[in-house]
Structures are given as structure tokens and as C-alpha cells.
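# one predicted model, sequence on top.
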Amino acid sequence: TQSTRPQRILSAVQKNATRGDPRSVIRAIDQFCSQKEWAMNVGNEKGCILDSVVSEVNPATVLELGTYCGYSTVRIASLLPPYAKFITLEFNPDFAAVARQVIAWAGLEDKVQLVEGASSDWIPKIKEQFGIKTFDLVFLDHWKEHYLSDTKLMEECGLLRKGSVLLADNVICPGAPDYVEYVRSSPRYKSHYFRSHLEYTKAEDGLEKSVFLE
Ligand SMILES: CCCNc1ncnc2c1ncn2[C@@H]1O[C@H](/C=C/CNC(=O)c2cc(-c3ccc(F)cc3)cc(O)c2O)[C@@H](O)[C@H]1O
Ligand SMILES: [Mg+2]
């Protein structure tokens, strides 16, 4: 049977990256996706912005919405302090299976908890299931029409505290207009747009960093 794109990405990692070396895993995926097949990883240009925000926040608790193949999961996990708790939510079992193997190849399986399921189902259960009070950092990279509803759900579930940072991919392309309008107009957020390019292309895209104020 035909392989899927995520399976081909995993094969490229297993072929070209060194076990236990997260940077070589990131490089292998970026090389594959720029030379062979485009895929919706955050990519290296926006990935460097992601890295700088993770390093600046130095989070003890992180939530990622939309694991896909685990590219940004590996970038984030490789920068976390040893005590950090990192949960990534992925509701497609095939993508989750690939992501687990990519994360394991990078040697980061002990730093990340990949939870299979939908964000809307899991966000209300995170406090009790994982003993997490609030998130210092949330990376949004799942279905763009769910960015806003999931952000409001996180607010309602008390998962954000004064200073929590939301970092959202794809502000321009594909775009998340209702989310961007919300975080830029709400007095409860201080937002900043990091202009960049769509992964592996010359098209404009960027990340929106929003700090929760209350
Ligand atoms: C209940 C549904 C919402 N909750 C969810 N909970 C858990 N996982 C969820 C999820 N939604 C989606 N996912 C997963 O996130 C991933 C989805 C990501 C969606 N991303 C995009 O559409 C995207 C798309 C582009 C893109 C840009 C230009 C273009 F021409 C074509 C595509 C670029 C990106 O960087 C993107 O992130 C998948 O792995 C999916 O299974
Ligand atoms: Mg994205």
C-alpha cells in the first residue's frame, strides 16, 4: 500500500538523522520538506522565532495544539528545562503514531506527553488528568478555525494565568482571522506579530505572540 506523507517524513528522519540528536531530526525534516515534499511543519524560519519565544518564556508547563509529525514538538522539547511538563494534543491516530516515533528518534520521549484526542475534549480535563494548574506557554498550530474557540475554552477552564504566552502559527496563511482579531482587540491580551514566511516558501506568513494579562 502507498505510504503517507507523514510516513515518508518519518523514513527521512530514520535515514538521515542521528538517534538522540534533536537538531539532526529538525534538519532532516526541513531538508526533506524543502527538497522533496512540502509539509505543514512550522519550518526553520518560523521555527527560529518559536525557539526564541520558548527560550525567553523558559516555561515549566507547555501545551501544543496539533502535533502533526512532531516537528515543532521536537523544537520545543529540546529547549525545555528538565522539570518542565509538556503536553501535545493530536487527534489523528496515524499522525500521532508517526509523531511518537519522530519524538523518540530525537530522544525526547521523556520530555513530552503526546495525548491522542481532540483539543476541545481534552482541554477541560487537563487540570485533573495531568496535575497542571496553568500553562506558561501554548503553541497553537492545529485547525485554524479552532484557534479562537480553544483559546476561549482555555480561559474558561482557568488554564491561563497573568503572563501566560500564546504563540499561534499561520496568522497570514492559511490565516486565523477571528483569533487574530480577538487577541489584538481584547484588553486581556498584549499581542505582537512576528512577520516571517510560510514554511519552505517565499509567501508571507507569521506568528502571533499574545500575553494573557489577567
Ligand atoms: C476538534 C478539532 C480541533 N482540535 C484538534 N485537536 C487535536 N488535534 C487537531 C485538532 N485539529 C487539528 N488537529 C491536528 O493538527 C494538525 C492540523 C494542522 C492544521 N494546519 C494547517 O492547516 C496548516 C496549513 C498550512 C498551509 C499553508 C498554505 C497552503 F497552501 C496549504 C497549507 C500551513 C500550516 O503551517 C498549517 O499549520 C493535524 O495533525 C490534525 O490532525
Ligand atoms: Mg502551521
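Okay, I see it. Ligands and ions are numbered 1, 2, ... in the order given.
# ligand 2 contacts on this structure?
141, 169-170 (CB under 5 Å from the ion). Where C-beta positions appear, they are placed from N, C-alpha and C, glycine not excepted.
# restricted to strands, list those residues.
Residues of these located in strands (DSSP state E): none.
# among these, who's most crowded?
The most neighbours of any of the residues of the chain next to ligand 2, using other CB atoms under 10 Å, belong to Asp169, which has 31 neighbours.
# phi, psi of Leu79?
phi -110, psi 0 (degrees, to the nearest 10).
# isn't it right up against Val53?
No. Counting by CB atoms under 8 Å, Leu79 sits too far from Val53 to count as a contact (9.8 Å).
# just the endpoints, please. Distance across stretch 124-135?
13 Å (CA to CA, to the nearest Å).
# now do the buried residues in that stretch.
Buried residues in stretch 124-135, counting neighbours by 16 or more other CB atoms under 10 Å, are found at 126, 132, 134-135.
# farthest-separated two in those?
Ile126 and Thr134 (10.0 Å; CB to CB).
# ligand 1 contacts on the protein?
Contact residues, the chain versus ligand 1 (CB under 6 Å from any ligand atom): 40, 66, 68, 89-92, 95, 118-120, 141-143, 146, 169-170, 173-174, 198-199.
# now, which of those lie within strands?
Filtering those for strands - DSSP E - leaves 89-90.
# which residues touch the residue in the chain that ligand 2 sits nearest to?
Across the chain, the shortest distance to ligand 2 (CB to the ion) belongs to Asp169, at 3.6 Å. Residues counted as contacts of Asp169 (CB atoms under 8 Å, 6 or more residues apart in numbering) are 42, 46, 72, 139-141, 205, 207.
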